[in-house]
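Undergrad: Give me a 3D structure for the following:
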Amino acid sequence: MGKPRLIILCRHAQSVGNENRTIHQTVPDHRVPLTAVGQEQALAAGDKLARLLRPSDTLQMITSPYTRTRETTLGILSSPALKEHPNSGSIRVYEEPRIREQDFGNFQPCQAEMARMWHERAAYGHFFYRIPNGESAADAYDRVSGFNESLWRQFAEEDFPSVLVLVTHGLMTRIFLMKWYHYSVEYFEDLRNVDHCDFVVMKLNDQHKYDLQTELRTWSGYSREQEELRYKCPPANRVVALKASVWGVRKFGGCVDGCNHEFDGDRSMMGGHVMKAGRDFGGSRSGAASRAASHDSTSDDDDDEGIDEDLDAAGPDGAKNGNGMIMGGHPADVIERLKMEAALGGNLVNGVKKLQVRS
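TA: Numbers count the residues shown, from 1 in each chain. You can find the predicted model right below:
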């Protein structure tokens, strides 16, 4: 048949990560499953898809390899309405890693650090900002560009199905549309996410081009709507309490909680101690903005080597003092005590004994 008459983009159903963001600190993003609500949304999406199909239509589905998109695809295929379609037995399903979610950098840090990161991204620009150890939207654009080229080559096949469904992610839906319709960076950043299991429909016209059938939501449009509502329904005797920004006058691009890199004491001691006292599994590497200590006593990191056995014997929560008590706490407190100790020439400070570093 050549080009499909419909290309349908479907964002995955609600996942556990949408309901509880902290799961990304301990569960890889590609393994996050759907919620019970998400399972129902996927089934409903299958019913909706069945209503868009003609009796003669053939269907191909391409899904991101993430667990939440796989489960969404299975839910769609499990729809009773779709199973009743005359060509339900010939549906093709493929996985495509190039339409996976934007890489957010392996295990995510604590929520305070993630909030800071999103605030920094908003200041820098959503399209070009690269997640630490992850991707920018521009990186994702590059792989979507290659995927689109592969699609065009497949469209040249005579037996290509008449309807193509891409089960992907919110950002990737916007990236796909940006590439296909040549949107500007500014317009991409103005686009809002589609809701879970919502369809974005592209229809082939008489000129063999694809018309976008779905109205996209934008942040500028949302702002106008809210402004109109504000003038239509002004609140009576409203008192606006202005609160200072939680971020203050922070300049982005430096260290998150201030720079301690010029510490004059033993840097190897400080670095190793902070790693032990403040690491969250899947959280901030330096313990920034986190109060919880890890209970994982193993590490493969090179910069943890060279710490004396006294530190290892104390366990992951900190070093022992002269009385055999564990010295732990927030890394900022640990660093402050170490600075005081170094200033006093290695004397005991608050019962803390200076750690020795092997040469």
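Undergrad: hey, let's count contacts and neighbours off CA atoms from now on
TA: Will do.
Undergrad: hang on, isn't residue 108 packed against residue 21?
TA: No - applying CA atoms under 8 Å as the test, residue 108 and residue 21 come out as separate, 9.4 Å apart.
Undergrad: More neighbours: which of these two?
TA: residue 108 (23 against 14; other CA atoms under 10 Å).
Undergrad: For the more buried one, which non-adjacent residue is closest in space?
TA: The shortest distance from residue 108 to any non-neighbouring residue, by CA to CA, 6 or more residues apart in numbering, is to residue 25 (4.8 Å).
Undergrad: quick one: the one you found from residue 105, how far?
TA: Remark: distance between residue 25 and residue 105 (CA to CA, to the nearest Å) = 11 Å.
Undergrad: What are the contacting residues of the helix or strand residue 188 falls within?
TA: If you go by DSSP states H and E, residue 188 is part of helix 185-190. The contact list for helix 185-190 (CA atoms under 8 Å, 6 or more residues apart in numbering) reads 125, 126, 127, 174, 175, 178, 218, 219, 220.
Undergrad: Which one of the residues you listed is nearest to residue 9?
TA: When the contacts of helix 185-190 are compared for distance to residue 9 (CA to CA), residue 174 wins out at 9.7 Å.
Undergrad: Show the contacting residues for the closest one.
TA: Residue 174 makes contacts with 188, 191, 193, as judged by CA under 8 Å, 6+ apart.
Undergrad: Looking at those residues, spot the one nearest residue 227.
TA: Closest to residue 227, out of all of the contacts of residue 174 and judged by CA to CA, is residue 191, at 18.3 Å.
Undergrad: distance of that closest one from residue 169?
TA: 14 Å.
Undergrad: and those two? which has more neighbours close in?
TA: For residue 191 versus residue 169, the count of surrounding residues by other CA under 10 Å is larger for residue 169: 27 against 17.
Undergrad: In contact with that one, which residues are there?
TA: Applying CA under 8 Å, 6+ apart, the residues near residue 169 are 10, 11, 12, 69, 99, 100, 101.
Undergrad: give me the low-pLDDT residue ranges for the stretch 201-350 of the chain?
TA: Filtered on pLDDT under 70, the stretch 201-350 of the chain yields the residue ranges 234-350.
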